[in-house]
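In: Fold the following and give me the result.
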Amino acid sequence: MTEAIHDFTAKLRQPSLREHLASYVRWRKELARARAEGAADPAPPPIAPISINLDLTTACNYRCDHCIDWDILNTKHRHDEETLRSSIITMVERGLRSVILIGGGEPTIYPGFSDFVRFLKDLELQVAVVSNGSRGDKLLEIAELLEERDWVRLSLDAGSNELFRAMHKPVKKSLTLDEICAWIPKIKGRNPRFQIGYSYIIVWNGASRDDVAIQENVHEVVMATKRARDAGFDYIALKPVLERGEDGAEVMDPQAARDLERVVARIRAQVDEAKRLATPDFAVRISTNLRVLEEGSWRDCTRQPRVCHMQALRQVLTPMGTFNCPAHRGVEKARLGGADAWADEAMAGLTGGQLTDLMDRFDASVECREVTCLYNGVNWWLEKMILDPREQIEIEPGDERHDFFL
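Out: Numbers count the residues shown, from 1 in each chain. Below you'll find the predicted structure:
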């Protein structure tokens, strides 16, 4: 069973997204027909992704050994603020519905972070923030701007102060989980409408980053769950560690674990105990990746169609450029364009052509063959719809969730 936040098929079936999705499917069907007949490629529809991951900065005030974006942190790459704002406006005009401020750096240390969140909300976008939690004051500043469907998630990955510091190596050496968690009641007191989550990446012995062993934290899952509940978080999200593959993709590599069966059993025992700590006001969320790891079915999610359709509907905008997927952030072969790929209508038109080229040359069945992809199911659903020989596009209508995060 797919976790609700990862049920992207259901999200795309929302009535409010139906025409956006139909435009994409119609184009791909027309493209296949034209190529079969030897005709010119039809122009892509004037749509933007529905959802983007936006890296505001590459700067970070942590030095986490387990950071998947280690190679791009604290580089000289920076957004031009005017271009960035213009890009967001162009995408909104073409159907952008949500922005996740995340990765590649710590968003709360971006100059003008609060003003930028206000800018996004003025455009009526859904907004999420994934933060390391070090700047609770900045999260408090934006709290009043956020609405029920928005969310904030803190990447904490430990239950004790000692393991937290060992894993994250904050520049402010005195920073503790106690200090970070003390901000939660203040933030919730200012605005209880949106959810705040405690993110816990489960790391096992054998996991590494650039051949550097990463601190194991399996034993603190329950401790962290208790801490999250007692601090006033709305949920804890448990997920397995990802590593960079040789080709740059984010992959889950449980086979690197020492005695995988024993590791999975330990994880399952901790997760089962953590689940018992759930209350009506506090949820224990098991990520899809963690569920398939526990079931031993994770390899099923690595069988991808040739074309990743989601790269047209969800993209990553960073100071280094625009990329087709969070799993290939910063990887050259996944580059859709520069940081100005959506800067204005002229650039957006050019990017549409570049998207066609990228979808042709980026063979997901090869490039993502080791990726336990959260978009696997929705990609196959879209593939089936596009290959359907009937002219009529049949998108089974779903419930309106008012959730546009992809």
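
In: in the stretch 301-406 of the chain, which segments are predicted with low confidence?
Out: For the stretch 301-406 of the chain, no stretch is flagged by pLDDT under 70.

In: Now do the helices in it.
Out: 345-361, 364-367, 376-387 (DSSP state H, counting those that start in this stretch).

In: next one: the chain
Out: In the chain, the segments counted as helices under DSSP state H are 8-12, 18-36, 81-93, 113-122, 136-143, 161-168, 177-181, 183-190, 221-231, 260-275, 288-295, 345-361, 364-367, 376-387.

In: now these as TSV including mean neighbour count?
Out: Bear in mind the C-beta positions are built from the backbone N, C-alpha and C, glycine included. Formatted as TSV, the helices of the chain follow (neighbours: other CB atoms under 10 Å):
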stretch	mean neighbour count
helix 8-12	20
helix 18-36	16
helix 81-93	18
helix 113-122	18
helix 136-143	20
helix 161-168	18
helix 177-181	19
helix 183-190	16
helix 221-231	21
helix 260-275	16
helix 288-295	20
helix 345-361	16
helix 364-367	18
helix 376-387	18
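
In: which one of these lies closest to residue 398?
Out: Residue 398 sits nearest to helix 8-12 of all the helices of the chain, at 5.3 Å, using CB to CB.

In: helices or strands up against the closest one?
Out: Counting contacts by 3 or more CB pairs under 8 Å, 6 or more residues apart in numbering; DSSP states H and E, helix 8-12 is packed against helix 376-387.

In: Run the chain-centre distance for the helix it packs on.
Out: 20 Å (CA atoms, centre = their mean, to the nearest Å).

In: which other helices and strands contact it?
Out: Counting contacts by 3+ CB pairs under 8 Å, 6+ apart, helix 376-387 packs against helix 8-12, helix 18-36.

In: Mean pLDDT lowest where, among the helices of the chain?
Out: Note on the helices of the chain: lowest mean pLDDT is at helix 288-295, with a mean of 74.

In: quick one: that one to helix 260-275, angle?
Out: Interaxial angle, helix 288-295 versus helix 260-275 (axes from the mean of the first three to the mean of the last three CA atoms, to 10 degrees): 120 degrees.

In: Check which helices and strands helix 288-295 is in contact with.
Out: strand 235-240, helix 260-275.

In: Just the CA atoms of it, as CSV, please.
Out: What follows is helix 288-295, C-alpha atoms only, in CSV (Å, rounded to 0.1, in the frame of the first residue of the first chain):
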residue,chain,number,x,y,z
THR,A,288,7.2,3.8,0.6
ASN,A,289,10.9,3.1,0.4
LEU,A,290,11.1,1.8,3.9
ARG,A,291,8.0,-0.3,3.4
VAL,A,292,9.4,-2.1,0.3
LEU,A,293,12.7,-2.5,2.1
GLU,A,294,10.9,-4.3,5.0
GLU,A,295,8.9,-6.4,2.6
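
In: Show me what the longest strand seen in the chain pairs with in its sheet, parallel or antiparallel.
Out: Ordering each strand of the chain by length in residues (DSSP state E) puts strand 195-202 first. Sheet pairing of strand 195-202 (DSSP bridges) gives strand 151-155 (parallel), strand 235-240 (parallel).

In: Out of the ones you listed, the one nearest residue 105 is which?
Out: Comparing those against residue 105 with CB to CB, the closest turns out to be strand 151-155 (12.4 Å).

In: Quick one: residues contacting residue 97.
Out: With contact set as CB atoms under 8 Å, 6 or more residues apart in numbering, residue 97 has these partners: 17, 50, 51, 125, 126, 404.

In: related to what we said a few turns ago, adding distance to residue 318, write the helices and strands packed on helix 288-295 out as JSON lines.
Out: Below are the helices and strands packed on helix 288-295 laid out as JSON lines (distance: least, CB to CB, whole Å):
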{"stretch": "strand 235-240", "distance to residue 318": "22"}
{"stretch": "helix 260-275", "distance to residue 318": "32"}
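
In: Of all those, which one comes closest to residue 174?
Out: So among those, strand 235-240 is nearest, using CB to CB, at 24.6 Å.

In: Extract the CA atoms of the closest one and return them as PDB.
Out: The C-alpha coordinates for strand 235-240 follow below in PDB (Å, rounded to 0.1, in the frame of the first residue of the first chain):
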ATOM      1  CA  TYR A 235       4.400  13.200  12.800                       C
ATOM      2  CA  ILE A 236       7.700  11.400  12.400                       C
ATOM      3  CA  ALA A 237       8.600  10.200   8.900                       C
ATOM      4  CA  LEU A 238      10.800   7.100   8.800                       C
ATOM      5  CA  LYS A 239      12.700   6.400   5.600                       C
ATOM      6  CA  PRO A 240      15.900   4.500   4.600                       C
END
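
In: looking at the helices and strands packed on helix 288-295, which is closest to residue 347?
Out: For the helices and strands packed on helix 288-295, the distance to residue 347 is smallest for strand 235-240, at 34.8 Å, taking CB to CB.

In: For that closest one, give the mean pLDDT please.
Out: So the average pLDDT for strand 235-240 ends up being 93.

In: List the buried residues of it.
Out: For strand 235-240, a neighbour-count test (16 or more other CB atoms under 10 Å) marks 235, 236, 237, 238, 239, 240 as buried.

In: now the angle from it to helix 221-231?
Out: Going by the same axes, to 10 degrees, strand 235-240 makes 160 degrees with helix 221-231.

In: just how off-centre is strand 235-240 within its chain?
Out: Here strand 235-240 shows a centroid-to-chain-centroid distance of 14 Å under the convention CA atoms, centre = their mean.

In: about what we covered before: I'd like the distance from the longest strand of the chain to the chain centre, please.
Out: On CA atoms, centre = their mean, the centre of strand 195-202 falls 13 Å from the chain's centre.

In: what sits up against that strand?
Out: 66, 130, 151-158, 184, 187-188, 217-218, 221, 224-225, 227-228, 231-242, 267, 285, 290.

In: Kindly report the same for stretch 40-47.
Out: Contacts for stretch 40-47 (CB under 8 Å, 6+ apart): 20, 23-24, 26-27, 30-31, 34-35, 94-95, 312, 348-349, 352-353, 355-356.

In: Identify the residue spatially nearest to residue 187, adjacent ones excluded.
Out: residue 143 (5.0 Å; CB to CB, 6 or more residues apart in numbering).

In: Next up, the contacts around residue 280.
Out: Residue 280 touches nothing, counting by CB under 8 Å, 6+ apart.

In: again but with residue 113, I slipped
Out: Applying CB under 8 Å, 6+ apart, the residues near residue 113 are 56, 107, 138, 142.

In: Noted, bye for now.
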